[in-house]
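Predicted coordinates and the sequence they were generated for:
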Amino acid sequence: MSWFPEKKSGQSWVHRVCQRILRTGPIPRHVAFIMDGNRRFAVKNHIERAEGHFKGFDKLSETLEWCLDIGITEVTVYAFSIENFKRSKDEVDCLMELARQKFTRLMQEKELIQKHQVCVRVLGNLTLLPLDIQQQIAECVHFSKDNKRAVLNVCFAYTSRDEICAAMREMAEGVQLGLIKESDISEDLMEKCLFTSQSPNPDLLIRTSGEVRLSDFLLWQTSYSCLSFVDVLWPEFSIWHLYGAILHYQRNYPVIKRAIESDLCDRERKQRESDYNCVLSECESTDQSKNSVSDLVLQYAKHREARIEQFVHHVNSKRLRYFEELASRHKTVHV
């Protein structure tokens, strides 16, 4: 099945009415999915596990279409956890082969990617994957990187703890290289070093299969997301489950909005205090008036922002080079 179905299934008047009703409230811009239940679906329907995973991909394709129809412009999916490498060799090999087939299919759909202006990002510790899959992923990411209408983030060879550790290593390296100071490290800087740094945090996270845990998925990013746990296996997920999750988000939107605004104010306060304390420590040996200290804090904040901008550019350039080099190697091999 295609990643981006060209032919839309005809919507009934019921679906059109439901979508109009939902659009009277806030529609989440970014929705994350833990697509759980493919193996249990296979057992339930007496089919091979591999077939269950293929059914799960087909459901993803269908769900992306529903999301675009209703106005959700960014989707993040948990496709393969680092923990999944602990499964049987046969199942891991099956999942790797599924990835090969689907990323190959994705690059065969370049016209659809450009038509729908979808930016595809693959997030995770990709070095854990076979080289040919890394190269396929890199070619896809590099090809679609400038598209703006919609974003699909595929978390592959990913766990949130691994992502956070990688971000911490980036910041430590930045301090060692003299690009940033230790005092520059903050929650905001951490977010700029995460794999998801180019995306807003998810408004809504949906997990299927009835499990009520996050399984090491977007732990940092979902601090203020609305969580919806749906008691249905992923291949059985329907548009009605999506509508229900959006209604759940809309009911909780005022509380979530207040919590996000409070967190933003708290971060700004902490940053001002940090800048002030840094200036005081640098000027403690001199006699500064209150007004001059205030001016120095503003000046320090500008220098800090410039340092962070340079550092973030360094981090992003390094990641971009990784994808460009792999994509270039992949093209060379296939010429």
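Thanks, I have the structure now. Numbering: from 1, shown residues only.

pretty sure Val151 is in a helix, no?
No - assignment of Val151 by DSSP: H, G, I helix; E, B strand; the rest coil gives strand, placing it outside any helix.

Tally up the residues packed near it, please.
By the criterion of other C-beta atoms under 10 Å, Val151 has 21 neighbours. All C-beta atoms are positioned from the backbone trio N, CA, C, and that covers glycine.

measure the closest residue to it other than its chain neighbours to Cys140 for me?
Closest residue to Val151 apart from its sequence neighbours, by C-beta to C-beta, 6 or more residues apart in numbering: Glu74 at 4.2 Å. Using C-beta to C-beta, to the nearest Å, one gets 17 Å for the distance from Glu74 to Cys140.

again with Cys165
26 Å.

neighbour-wise, which of those two wins?
Cys140 (25 against 12).

For the more buried one, give me the pLDDT.
Looking at Cys140, its pLDDT is 91.

residue contacts, the residue nearest to Leu233 when sequence neighbours are not counted?
Nearest residue to Leu233, sequence neighbours excluded (C-beta to C-beta, 6+ apart): Gly37, at 3.2 Å. Gly37 makes contacts with Gly56, Thr208, Ser209, Val232, Leu233, Trp234, Pro235, Glu236, as judged by C-beta atoms under 8 Å, 6 or more residues apart in numbering.

Need the max-distance pair from the residues you listed.
For the contacts of Gly37, the farthest-apart pair by C-beta to C-beta is Gly56 and Val232; their separation is 12.6 Å.

What is the neighbour count of the closest residue to Leu177 other than its chain neighbours?
Distances taken as C-beta to C-beta, 6+ apart place His314 nearest to Leu177, at 7.9 Å, with adjacent residues excluded. Using other C-beta under 10 Å, His314 has 15 neighbouring residues.

Export the contacts of Gly37 as TSV, with columns for pLDDT and neighbour count.
Shown next, in TSV, are these (pLDDT from 0 to 100; neighbours: other C-beta atoms under 10 Å):
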residue	pLDDT	neighbour count
Gly56	92	23
Thr208	98	25
Ser209	96	21
Val232	97	15
Leu233	97	25
Trp234	97	27
Pro235	96	25
Glu236	97	16
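
As JSON lines, those residues with secondary structure would be great.
As requested, the contacts of Gly37 are exported to JSON lines (three-state DSSP):
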{"residue": "Gly56", "secondary structure": "helix"}
{"residue": "Thr208", "secondary structure": "coil"}
{"residue": "Ser209", "secondary structure": "coil"}
{"residue": "Val232", "secondary structure": "coil"}
{"residue": "Leu233", "secondary structure": "coil"}
{"residue": "Trp234", "secondary structure": "helix"}
{"residue": "Pro235", "secondary structure": "helix"}
{"residue": "Glu236", "secondary structure": "helix"}
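
for these, which one is nearest Ser328?
Checking these one by one against Ser328 (C-beta to C-beta), the nearest turns out to be Gly56, at 31.9 Å.

hang on, the closest one packs against Ser209?
No - Gly56 lies out of contact with Ser209 (C-beta atoms under 8 Å); the separation is 10.9 Å.

Need the overlap of contacts for these two.
Gly37, Trp234.

Quick one: list the elements packing against the host helix or strand of Arg16.
Using DSSP states H and E, Arg16 falls within helix 13-22. The contact analysis (3 or more C-beta pairs under 8 Å, 6 or more residues apart in numbering; DSSP states H and E) places helix 13-22 against helix 49-70, helix 239-283.

can you rerun that using 7 Å?
Under the contact criterion of 3 or more C-beta pairs under 7 Å, 6 or more residues apart in numbering; DSSP states H and E, helix 13-22 touches helix 239-283.

Run the angle between the helix it packs on and helix 13-22 for me.
30 degrees (axes from the mean of the first three to the mean of the last three C-alpha atoms, to 10 degrees).

Tell me how far helix 239-283 lies from the chain's centre.
Its chain's average C-alpha position is 18 Å from that of helix 239-283, according to C-alpha atoms, centre = their mean, to the nearest Å.

and it, average pLDDT?
For helix 239-283, the per-residue pLDDT averages 95.

angle of it against helix 49-70?
Using the same axes, to 10 degrees: helix 239-283 against helix 49-70 is 80 degrees.

how near is Glu163 to Val31?
In terms of C-beta to C-beta, Glu163 sits 19 Å off from Val31.

Cool, thanks, talk later.
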